[in-house]
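# A structural model of the following input is requested.
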Amino acid sequence: MATLHSITTALAERRNKWRDWAQLRDEERGYRLDMKRVILAYLTESVVVAASLYGAWLFAEMYGHDDWKQIRMMLLAPLGYAVIEFCRVPLALSFRTHGSRFVKLMALIGLVAASGVTVKSMSQLGEIMFRPRLFDVVHAGEELGRATDTHAATLGKITAADTLVTDRKNAFQVGEQRAQSDSQQLATLPKEQCTPTSGVTKDGRPWKSQACKTDPRVLPMRDNLAKTVAARDDLQRKLEDAVRERGKLDPAVTDNALTAAKVAYREAILHSQLHTFTGMVFGVAATEVTDEQISRFLRLFVFLPAIFVAFASTLIAFTAVHRLKPKVIPYDPDAEFVMAGMMHDVVAEATRKAREEMEQLAAKTAKGVKA
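Numbers count the residues shown, from 1 in each chain. Modelled structure (predicted):
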């Protein structure tokens, strides 16, 4: 325990010394850092990076089709984006503290570029936030479309069946009238005319009989009546088939399915916050919101918050730097004589050293010439 306490104390002392040294260094450069805000900026950036990476992972898992190779390929760019996003806080501090204008310009360009990456990542997260509800609305809309098509098709079949029943009923009535007409015409023809006849056979036996005479129009009219009755019976069978098929078509089933689909679609829209907010912005009912209005609203509700998030940590880092005003040293008349004496001694010493070096150099030169 004593060893652990001593190690902790030593680490704390080293941390305090480093902090004091860093503070003195920054003050010598003309500024002071608010470390709480710097830490807050890094924490904000860490949350943004973590959310972006997790969103990218969910996106890759959803659209990677359980292919790990595709999933890894989809995660490469987000990892690079995360590194870029972590650079925004140091770039913001460099822009505020560095003395070179060129470095400040480069830092500003880097900030804008890194913020663009963050806007992209946060826009994707904002869009993902509304996607489940939009999926529900889309699926409910598809079910409503299928129910509407089925209902319309059923109504079309019912209309066609009613038309067929009406046509076959009319045809049957025409056939029935024709059969009745032929029967009446056949009934008006004169009956057979029969007269008694008698005679003797060859073997001498007497016989008696009748000789009937039929109207020649009877046989053709009987054949025509038989054909007419057969045609009428066929039309009757077709009429019965059409009525039977029409009875199978029940509009109540498709009406109920269509009503249920409409209710499910309205409920899906009412559960979609995006449709509700869009309707509030454009002043229309949520069920009357169009895809174009949703797209326009997403620019406001997703893109702008992404911009705000992108610059949040940057602004915190900006405000963490406090510029220090240079200290004004009051004028002291006595200090002028002290400084003058010190300057005189420094100049005299420098002159003496220069004279000695010149003499040594001249002596070496003369010795070389004699040699």
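
# now residue 235, nearest residue through space, not along the chain?
Distance criterion Cβ to Cβ, 6 or more residues apart in numbering; nearest residue to residue 235, sequence neighbours excluded, is residue 172 at 4.3 Å. Using the backbone N, CA and C atoms, a C-beta is placed for each residue, glycine as well.

# So for the one you found, what's the pLDDT?
pLDDT for residue 172: 79.

# For it, give me its contacts.
Residue 172 makes contacts with 232, 235, 236, 238, 239, as judged by Cβ atoms under 8 Å, 6 or more residues apart in numbering.

# again, only this time at 6 Å
By Cβ atoms under 6 Å, 6 or more residues apart in numbering, the contact set of residue 172 is 235, 236, 239.

# Now do the same contact list for the second one.
Residues in contact with residue 236 (Cβ under 6 Å, 6+ apart) are residue 172.

# any chance you could map the strands in the stretch 151-300 of the chain?
193-200, 206-213 (DSSP state E, counting those that start in this stretch).

# Check the stretch 1-150 of the chain too.
With DSSP E, counting those that start in this stretch as the criterion, the stretch 1-150 of the chain has strands spanning 31-33.

# Quick check: which ranges of it have low pLDDT?
1-2, 4-5, 10, 12-13, 15-32 (pLDDT under 70).

# ok so, going back, format the contacts of residue 172 as a markdown table; extra columns: pLDDT and distance to residue 131.
Shown next, in a markdown table, are the contacts of residue 172 (pLDDT from 0 to 100; distance: Cβ to Cβ, whole Å):
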| residue | pLDDT | distance to residue 131 |
| --- | --- | --- |
| 235 | 80 | 60 |
| 236 | 83 | 61 |
| 239 | 81 | 56 |
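
# Could you single out the nearest of these to residue 118?
Checking those against residue 118 with Cβ to Cβ, the nearest one is residue 239 at 75.2 Å.

# Tell me how many other residues surround the closest one.
21 (other Cβ atoms under 10 Å).

# list the buried ones in stretch 83-102?
84-89, 91-97 (16 or more other Cβ atoms under 10 Å).

# how about JSON lines for the residues you listed, with distance to residue 124 added?
Output for the buried residues of stretch 83-102, formatted as JSON lines (distance: Cβ to Cβ, whole Å):
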{"residue": "84", "distance to residue 124": "15"}
{"residue": "85", "distance to residue 124": "13"}
{"residue": "86", "distance to residue 124": "18"}
{"residue": "87", "distance to residue 124": "20"}
{"residue": "88", "distance to residue 124": "18"}
{"residue": "89", "distance to residue 124": "22"}
{"residue": "91", "distance to residue 124": "23"}
{"residue": "92", "distance to residue 124": "23"}
{"residue": "93", "distance to residue 124": "27"}
{"residue": "94", "distance to residue 124": "28"}
{"residue": "95", "distance to residue 124": "27"}
{"residue": "96", "distance to residue 124": "30"}
{"residue": "97", "distance to residue 124": "33"}
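
# Okay, and which of those map to helices?
Among those, DSSP state H puts 84, 85, 86, 88, 89, 91, 92, 93, 94, 95, 96, 97 in helices.

# Now for the residue lying closest to residue 232 once chain neighbours are set aside: which residues touch it?
Of all residues not flanking residue 232 in the chain, residue 175 sits nearest, at 3.8 Å (Cβ to Cβ, 6+ apart). Contacts for residue 175 (Cβ under 6 Å, 6+ apart) come out as 231, 232, 235.

# Out of the buried residues of stretch 83-102, which is nearest to residue 274?
Out of the buried residues of stretch 83-102, the member with the shortest distance to residue 274 (by Cβ to Cβ) is residue 85, at 26.2 Å.

# For that closest one, give me its contacts.
49, 118.

# Repeat that for residue 117.
Here residue 117 is in contact with 81, 84 (Cβ under 6 Å, 6+ apart).

# could we number from 49 for the rest of this?
I'll keep to 49 as the first residue from here, and by that count the last item is residue 165.

# Next, find the distance separating it from residue 97.
According to Cβ to Cβ, to the nearest Å, residue 165 and residue 97 sit 11 Å apart.

# joint contacts of the two?
Common neighbours of residue 165 and residue 97 (Cβ under 6 Å, 6+ apart) do not exist.

# quick one on the thing from earlier: got the contacts of residue 220 as JSON lines, with distance to residue 153 columns?
Converted to JSON lines, the contacts of residue 220 look like this (distance: Cβ to Cβ, whole Å):
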{"residue": "283", "distance to residue 153": "95"}
{"residue": "284", "distance to residue 153": "97"}
{"residue": "287", "distance to residue 153": "92"}
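
# tell me the domain boundaries of the protein?
The chain is divided into the following domains under automatic domain parsing: 49-74, 82-231+271-376, 383-407.

# ranking those domains by burial, who's on top?
domain 82-231+271-376 (a mean of 16; mean count of other Cβ atoms under 10 Å).

# With adjacent residues omitted, what lies nearest to residue 247?
In space, residue 247 is closest to residue 255, 5.7 Å off (Cβ to Cβ, 6+ apart).

# Please work out how many residues are found near that neighbour.
Neighbours around residue 255, by other Cβ under 10 Å: 9.

# Done for today, thanks.
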